[in-house]
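>>> My questions concern the predicted model and sequence given below.
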Amino acid sequence: MRARPIRSQIYLPVVRFGVTDADWKFVIFITLLCYSIPFLFNMKLMRFPLEIWTCVIGLVGSVAFFNFVRIGRRPFWLQHQVAALTKASRHRHALPTDQKERPWLLPNQ
């Protein structure tokens, strides 16, 4: 048998509409949440069910957010930004955005 070429990008994530397959669970959750809340409270806008509009807006908004987070940025950019905001610099690894503190034992220079 003839050797077949190996696909070089087999380990890359599957991307649809710019959103990776690992992030689609969040997109679907946000869309279902945007649909179910107006549905449960029977919200209407000019006698038109509000869940139709909120579902579409939630889907487009979440896809746009994940595209913004992913395209043009390094991998795990959002996770690092959240860690930099929520954790003190002594409780995590150093990030490039951390400020250098002067050592307290050395005199001021």
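Received it, and whenever you're ready, just let me know what you need.
>>> ok, F29 - contacts?
Contacts of F29 were listed using CB atoms under 8 Å, 6 or more residues apart in numbering, and none were found. C-beta coordinates here come from the backbone N, C-alpha and C atoms, glycine included.
>>> What is the burial count for G18?
13 (other CB atoms under 10 Å).
>>> meant to ask about V69, not that
Using other CB under 10 Å, V69 is surrounded by 15 other residues.
>>> what does the one 3 residues further on give?
Taking other CB under 10 Å as the criterion, the count of residues near G72 is 8.
>>> for the protein, which residue is closest to the average position?
By CA atoms, centre = their mean, the chain has its centre lying nearest to F66, at 4.9 Å.
>>> Mind telling me what element that one is part of?
helix 50-70 (DSSP states H and E).
>>> That helix: which residues count as buried?
L50, E51, T54, C55, G58, L59, S62, V63, F65, F66, R70 (16 or more other CB atoms under 10 Å).
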